[in-house]
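Asks: the sequence and its predicted three-dimensional model are supplied below.
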Amino acid sequence: MSPQHLELLKGTLDLMVLQTLQAMGPLHGYGVARRIEQISHDAILLNQGTIYASLVRLQQRGLIRSAWGTSDSNRRAKFYSITPRGSRRLASASQNWEQLAAILERFFAIQKEVLP
Amino acid sequence: MSDAPRVLLSRLRAFFQKERLDDEFSEELASHIELLAAENEKAGMTPEEARRVARMRIGGREALREVHSETQGLPILEHLQRDFRYTLRSLRRDPGFTSVSLIILALAIGANVAVFSVVNTLLLRPLPFPNANELVWIAPPPSGCGLSCATYSADAYEEFRDQSRAYQDVTGYEAFTTADNMRVMGRGEPEPATAIEVIGNFFQVLGVQPLMGRVFEPDESRGRHPVVLLTYAYWQRQFGGDPDIVGKGIDLSGKPLVSESPSTNARPAVTVVGVLPATFDFGAVFSPGARVDLFTPLDLNQERDWGNIVTLIARLKPGITLAQALDDAKRVAPDIYFNVKYPDTRGNYKDSLIPVSLKDYVIGKLRRSLIALWCAVAAILLIAAVNLSNLLLARTSTRTKEFALRSALGASRTRIVGQLLMESLTLSAGGALLGLALAATLIAWLRRQGSLALPLLDDLRIDLQALGWTALIALFTATVFGLLPGFRVTSGNLQEALKDSGPGAGISRQHERVRAALVVAEVTLACVLLVTAGLLLRSFAKVLQVDLGFRPDGAASIQIDYDDSAPTADASVAKRMAAFQQILAHVSAIPGVQAAGISDFLPLGPNREWDSPLPEGRSIDPKELPNPLVYVVTPGFVRAMGIRLRGRDFNWEDGPHSERVVLINASAARVYWPNEDPVGKILVRDKERDRVIGVVEDVREENVETGTGSQIYYPVTQQGPVSAQLVVRTTLPPAVLGPSVLHALRELNPNQPAAQFRPIRTLVDRAVSPRRFFMLLVAAFAALGLLLATLGIYSVISYSVTQRTPEIGIRMALGASVGQVRSLVLARTVRLACTGMVLGALLSLALSNVIASLLFGMSPWDAFAYLGTALALLMVALAAGYIPARRASRIDPIRALKAE
């Protein structure tokens, strides 16, 4: 992997997938992977297969559901969509994430002040 | 629902739809690649290039699939499933090993489950009554005289009930009921039935609810309201389960054991007030091996002058302990009268009102035997586990290469041990299933042993607890015999094993040592079992040789019906005398009958005592003065029973108005007139003076194993018997004689019920049945242990011969003779067996205190038992070693060396 690619924290990929589905509506696995790459400006370059483990995990928790359908290019594909439970979880998780990020930011700020 | 259970459920679902989901995922990946490839093409790649890049971007598909299925399903279950399939395959490849192990396991687990069920029913489970732990049995401290000393007078019962504070209520039953004491006019001919008289609150205290109708009212008594309760079995048998039986009158007559002479012959029909549930079995709890058909209320007023007749059973108040109840009993005992009419009988029961838990009373002496039995089956289980461990070790050592290969291919030690555990678990699960079937058969058989005098046998069943126990021991066995080989395999250097699988490899040597140790352990345990079984066997033989005081063989008895109702006591005696004389004359006239006589009680059954006669002109310390057991007999009874007599027997001239005469037994003679001839001496009882006309030998009364105290015999012409057991001594088999005896009785008395003509031997058999039962079981377990140990010896020796084929080949090439090779192998066998035997003997000696408590008339160091065990073990060891020894001596040196 090239150095500019970010290491993902545990659980962040699941959150990204959830947010993508929330924003974009039903998508197939490829679509989800592609969106994540696009939104991160290719900073997160997935081994696209890994998206499926995340999709399975989310599905097991009842946060997303899947159904077979047809893609724009008339190919059979499995489409994933967020469930109401998933939306609720996403809302609380993103709030949590923002708070955590804000706190971390403050911590980094302290560090800068202390250093000469 | 939170995440964890959702995930688990979803994983479980996925586990069962694995194939479909895996296919779907492959399809999904394919569509992913196509979509990606299409995009790449749009970006200007050639179709081939587009696909190649797409495949690269998605990553290794096999790895993806694996991750996917692990995330999606239950990887542990999948591994287990795979191991299980593999196990089944490899077990099927080795049918010899598999079937031998299954048989061993089935026998060991079956024996364990069956014994557990017995122990659980008898020892662990509470008695089949609600809050059974509150129930207590009140009796004097243990003494030699059984029920006769465990009963109280009607007055004592009432005083104790009213003065005690520890109990919710106190009840009891009439203890001196003989079997078939009633006759029920059923379909045409009178049929015998056994009725027990219980105090009105009996069923309330025990907490028994009727199946139909009601139980007795506390103040009910037969005199005023002739009522009866039927047991479930009797209701089914006699009345075909008639659903409208409650309220019907039945023709029930017979001689209640203790009653005033009835003035009329016609008895009113007795009303059935209820049917007891099938779960209530009086005999099972209070009188093992006996059948009870009916219950009638006991009229205490009628019993008041009859001495000690009721047992005491009470229900403790909630929260009251046994110790508190004991204190309470000690407090009230000095104030209790034997008979309130006689003030000097106050305090008669001092120190003889001791409450013990009813359970302890019922199980009593069986506890030790049961625990011993439990230990014996536990030993069997251990032997079986060790044996399997051994077999599995032999198997694994031939599979060393397989494991080494798997390990080299990346299987972790845990996985290999897991695989071995899976094998042992599968085997023991199979063995447990077979064992359960075996145990169920055994238990069904045991339940049918009606003549076995063990309590609660009817309750015997394989219940959830027994199933749980099965699972537990199966798991235990599997772990024991699976783990050891597992560790042995993985502790060795597998790479070494892979390189060098020659017979001289170090791992094999190590294996052999471990296996030898295991065999020694087996032999040790088997030795302990054999010694115990031998001791029990010899004890049983001793019990059978006990001088019972009567000759059971060639004698049989039948309960007879007679009518001595008359307006006056004298007329009653005359009527009875005439009836008995006639019966005896008729029965004696039957060809094949050598002697006949009648007694109201037979040995080894219920018994009773009256009071304490005093020898005239001698003073005896009141503490030493016995309460002899009492028999009211006809002339000829002593001879019919085969009791030796010195002096003369009663005769019909000893009438109601001639001198009162008695026979006493040797023990009584020793107490009353030590070192003197009692014949002709006088015993004084109240105002009666009884002349001793003879001395008979002591008859075993309570059971075969404990001696008897004083006994006294009165003639029926001078005392009232309470029932009549006709005893016939004959040269014919009882089955042949029975019909003619019954016919003779019927001719004299059409009311004579079709009671059973039982050989007296059955009384003895019943009395020794618990000992026989335990002896047989322990002997069976010992035989099983011996068999397993033999198998162990055989497998180890046989294996070592295989391993040492080259060595033996060399020896033979260097000139060792066939005999030398054989003795080499046999010597090794004997060494193993002897080591086990010495250890086993030491262990048995260490346990001798425990074993001694199970024995009768035997030292636990009995040389015969030890020598017999040693001989048996040595024989089977030699037999087990001989087959491999023969094989060893037939090794062709050339071929053996070539193979090397």
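Replies: Received it, and whenever you're ready, just let me know what you need. Remember, it's a predicted structure, so these values are computed and weren't measured experimentally.
Asks: ok, which stretches of the stretch 651-800 of chain B are strands?
Replies: Using DSSP state E, counting those that start in this stretch, the strands of the stretch 651-800 of chain B run over residues B:661-665, B:682-685, B:688-696, B:711-715, B:725-730, B:758-759.
Asks: same question but for the stretch 301-450 of chain B, I mixed them up
Replies: With DSSP E, counting those that start in this stretch as the criterion, the stretch 301-450 of chain B has strands spanning B:312-316, B:354-357.
Asks: just the ones you listed: most buried one?
Replies: Ranked by average neighbour count under the criterion mean count of other C-beta atoms under 10 Å in any protein chain shown, the strands of the stretch 301-450 of chain B are headed by strand B:312-316 at a mean of 24. C-betas here are computed from N, CA, C, even on glycine.
Asks: quick one on the thing from earlier: and the strands of the stretch 301-450 of chain B, which one is worst for confidence?
Replies: Mean pLDDT values for the strands of the stretch 301-450 of chain B show the minimum at strand B:354-357, a mean of 89.
Asks: who does it pair with, and is each partner parallel or antiparallel?
Replies: Applying DSSP bridges to the sheet, strand B:354-357 is found paired with strand B:135-139 (antiparallel).
Asks: low-confidence ranges, chain A, go.
Replies: Across chain A, the ranges flagged by pLDDT under 70 are A:1-10, A:45-46, A:111-116.
Asks: which residues are contacting stretch B:204-212?
Replies: Applying C-beta atoms under 8 Å, 6 or more residues apart in numbering or on different chains, the set of residues contacting stretch B:204-212 from outside is B:129-131, B:135, B:168-171, B:203, B:215, B:218, B:229, B:232, B:243, B:245-246, B:274-278, B:280, B:313-315.
Asks: only whichever of those residues are buried, select them in ChimeraX.
Replies: Listed next is the ChimeraX selection for buried residues among those, using 16 or more other C-beta atoms under 10 Å in any protein chain shown:
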select /B:129,135,169,170,171,203,215,229,232,245,246,274,275,276,280,313,314,315
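Asks: restricted to helices, list the contacts of stretch B:204-212.
Replies: Counting by DSSP state H, the contacts of stretch B:204-212 place B:203, B:232 in helices.
Asks: before we move on, back to that, can you say which of the strands of the stretch 651-800 of chain B is nearest to chain A?
Replies: strand B:758-759 (73.4 Å; C-beta to the nearest C-beta).
Asks: what helices or strands is that closest one leaning on?
Replies: Applying 3 or more C-beta pairs under 8 Å, 6 or more residues apart in numbering or on different chains; DSSP states H and E, we find strand B:758-759 packed against strand B:555-559.
Asks: please repeat the previous calculation with a cut-off of 10 Å.
Replies: If you count contacts as 3 or more C-beta pairs under 10 Å, 6 or more residues apart in numbering or on different chains; DSSP states H and E, strand B:758-759 packs onto strand B:555-559, helix B:734-748.
Asks: ok, which of those comes nearest residue B:417?
Replies: Closest approach to residue B:417 among the helices and strands packed on strand B:758-759 (C-beta to C-beta): helix B:734-748, 63.7 Å.
Asks: count of residues packed around residue B:556?
Replies: As a burial measure, residue B:556 scores 25 neighbours (other C-beta atoms under 10 Å in any protein chain shown).
Asks: need the residues of chain A near chain B, please.
Replies: Contact residues, chain A versus chain B (C-beta under 10 Å from any C-beta of the partner chain): A:28-31, A:33-34, A:37, A:45-57, A:59-63, A:66, A:68, A:71-73, A:75-78, A:85, A:89.
Asks: if any of the residues you listed are buried, put those into a ChimeraX selection.
Replies: For the buried members of these, the matching ChimeraX selection, counting by 16+ other C-beta under 10 Å, is:
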select /A:28,29,30,31,33,34,37,45,46,48,49,50,51,52,53,54,55,56,57,59,60,61,62,63,66,71,75,77,78,89
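Asks: isn't residue B:485 right up against residue B:423?
Replies: Yes. Using C-beta atoms under 10 Å, residue B:485 is in contact with residue B:423, at 9.0 Å.
Asks: what do the two both touch?
Replies: Listed as contacting both residue B:485 and residue B:423 by C-beta atoms under 10 Å, 6 or more residues apart in numbering or on different chains are B:392, B:395-396.
Asks: nearest to chain A among those residues?
Replies: residue B:396 (38.0 Å).
Asks: how many neighbours does the closest one have?
Replies: The burial count for residue B:396: 21, using other C-beta under 10 Å.
Asks: now do the one 4 residues further on
Replies: Burial of residue B:400 is recorded as 21 neighbouring residues (other C-beta under 10 Å).
Asks: who touches residue B:101 in this structure?
Replies: By C-beta under 10 Å, 6+ apart, the neighbours of residue B:101 are B:91, B:94, B:384, B:387-388, B:391-392, B:395, B:423-424, B:427-428, B:430-431, B:481.
Asks: run the last query once more with 6 Å
Replies: B:388, B:427 (C-beta atoms under 6 Å, 6 or more residues apart in numbering or on different chains).
Asks: on that earlier part again, kindly reformat the strands of the stretch 301-450 of chain B as TSV containing distance to residue B:770.
Replies: Formatted as TSV, the strands of the stretch 301-450 of chain B follow (distance: least, C-beta to C-beta, whole Å):
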stretch	distance to residue B:770
strand B:312-316	23
strand B:354-357	20
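Asks: determine which of those approaches residue B:751 most closely.
Replies: Ranking the strands of the stretch 301-450 of chain B by distance to residue B:751, with C-beta to C-beta as the measure, places strand B:312-316 first at 33.9 Å.
Asks: between the strands of the stretch 651-800 of chain B, which gets nearest to residue B:515?
Replies: Taking the strands of the stretch 651-800 of chain B one by one with C-beta to C-beta, strand B:758-759 is closest: 53.3 Å.
Asks: what helix or strand is residue B:597 located in?
Replies: Taking DSSP states H and E as the definition, residue B:597 sits inside strand B:593-599.
Asks: what mean pLDDT does that strand have?
Replies: Here strand B:593-599 scores 94 as its mean pLDDT.
Asks: tell me what that strand is packed against?
Replies: Judged by 3 or more C-beta pairs under 6 Å, 6 or more residues apart in numbering or on different chains; DSSP states H and E, strand B:593-599 is in contact with helix B:569-588, helix B:637-641, strand B:725-730.
Asks: how close does residue B:589 sit to chain A?
Replies: 94 Å (C-beta to the nearest C-beta, to the nearest Å).
Asks: what about residue B:404, neighbour count?
Replies: Residue B:404: 22 neighbours (other C-beta under 10 Å).
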